[in-house]
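Chemist: Dropping a prediction and its sequence here:
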Amino acid sequence: GAVVSQHPSWVICKSGTSVKIECRSLDFQATTMFWYRQFPKQSLMLMATSNEGSKATYEQGVEKDKFLINHASLTLSTLTVTSAHPEDSSFYICSAPRKASGMNNEQFFGPGTRLTVL
Amino acid sequence: AQSVSQHNHHVILSEAASLELGCNYSYGGTVNLFWYVQYPGQHLQLLLKYFSGDPLVKGIKGFEAEFIKSKFSFNLRKPSVQWSDTAEYFCAVMSYNTDKLIFGTGTRLQVFP
């Protein structure tokens, strides 16, 4: 099956610093990728859609200046958490769609990145 | 806006018991439906998916789900659970013309031997 990787798998940073998380589709190309956030014991919340060659589109309530997304190529999207604070501590997950059958796509998920802000 | 609701937040079963987890969605158009499982400390895995055709879909590990369009439901079932099924289960909906997945709140399943 399709493989999506994330790097790093976990990161600890000091409050006020910025953290970059990479999401790569390893064996397929993705013009869009998606970034989710998951708090402990909660569901995945869609943060934004990363679009190759254009600006990301953010879900309501997600600060675009706080969570910078860059879709540099057809296999790489990055999420930068700027001026991180403890409340940004969470599990960040990316996904990339790949055609499954007919006109239907299926999302393939990365393993996630656990961010802890001290 | 699309939304997905999972009625059971926490389910506790003994091994060999039958399982049914509810999932309802709100969206007027054509949708694709998914169930994912997240084992403790692991990432999401796809259990099964529905795109079209037979509304009863079978997935991995003995799971199945039935799409009932009139009820906007996609309930997950397993006839006999095992201890290894202990995990978090998420229902998700993708509208036909986008790739956005909207997740339900999740159901935590605990199976005791």
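Modeler: Nice, thanks for sending it over.

Chemist: can we go C-alpha only for contacts and neighbour counts from here?
Modeler: Fine.

Chemist: host element of the residue nearest to the spatial centre of chain B?
Modeler: Centroid-nearest residue in chain B, with C-alpha atoms, centre = their mean: residue B:35, separated by 3.5 Å. Residue B:35 is part of strand B:31-38 when elements are defined by DSSP states H and E.

Chemist: mean confidence for that strand?
Modeler: Averaged across strand B:31-38, pLDDT comes to 93.

Chemist: Pull the CA coordinates from that strand and hand them back as PDB.
Modeler: Coordinates of each C-alpha in strand B:31-38 appear next as PDB, following Å, rounded to 0.1, in the frame of the first residue of the first chain:
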ATOM      1  CA  VAL B  31     -20.100  10.400   0.500                       C
ATOM      2  CA  ASN B  32     -17.400   7.900   1.000                       C
ATOM      3  CA  LEU B  33     -17.300   6.300   4.400                       C
ATOM      4  CA  PHE B  34     -14.500   4.900   6.400                       C
ATOM      5  CA  TRP B  35     -13.700   3.200   9.700                       C
ATOM      6  CA  TYR B  36     -10.200   3.600  11.200                       C
ATOM      7  CA  VAL B  37      -8.700   1.900  14.200                       C
ATOM      8  CA  GLN B  38      -5.900   3.400  16.400                       C
END
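
Chemist: could you dump the longest strand along chain A to PDB, C-alpha only?
Modeler: The residue-count maximum for a strand in chain A (DSSP state E) belongs to strand A:90-101. Output of strand A:90-101 as PDB, limited to C-alpha atoms (Å, rounded to 0.1, in the frame of the first residue of the first chain):
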ATOM      1  CA  SER A  90      -0.400  17.800  20.500                       C
ATOM      2  CA  PHE A  91      -0.100  14.900  18.100                       C
ATOM      3  CA  TYR A  92       0.100  16.200  14.500                       C
ATOM      4  CA  ILE A  93      -0.900  13.800  11.700                       C
ATOM      5  CA  CYS A  94      -0.700  14.300   8.000                       C
ATOM      6  CA  SER A  95      -2.400  12.400   5.200                       C
ATOM      7  CA  ALA A  96      -2.200  12.200   1.500                       C
ATOM      8  CA  PRO A  97      -4.900  11.000  -0.900                       C
ATOM      9  CA  ARG A  98      -4.300   8.400  -3.500                       C
ATOM     10  CA  LYS A  99      -6.800   7.000  -6.000                       C
ATOM     11  CA  ALA A 100      -8.400   3.900  -4.700                       C
ATOM     12  CA  SER A 101     -11.000   2.900  -7.300                       C
END
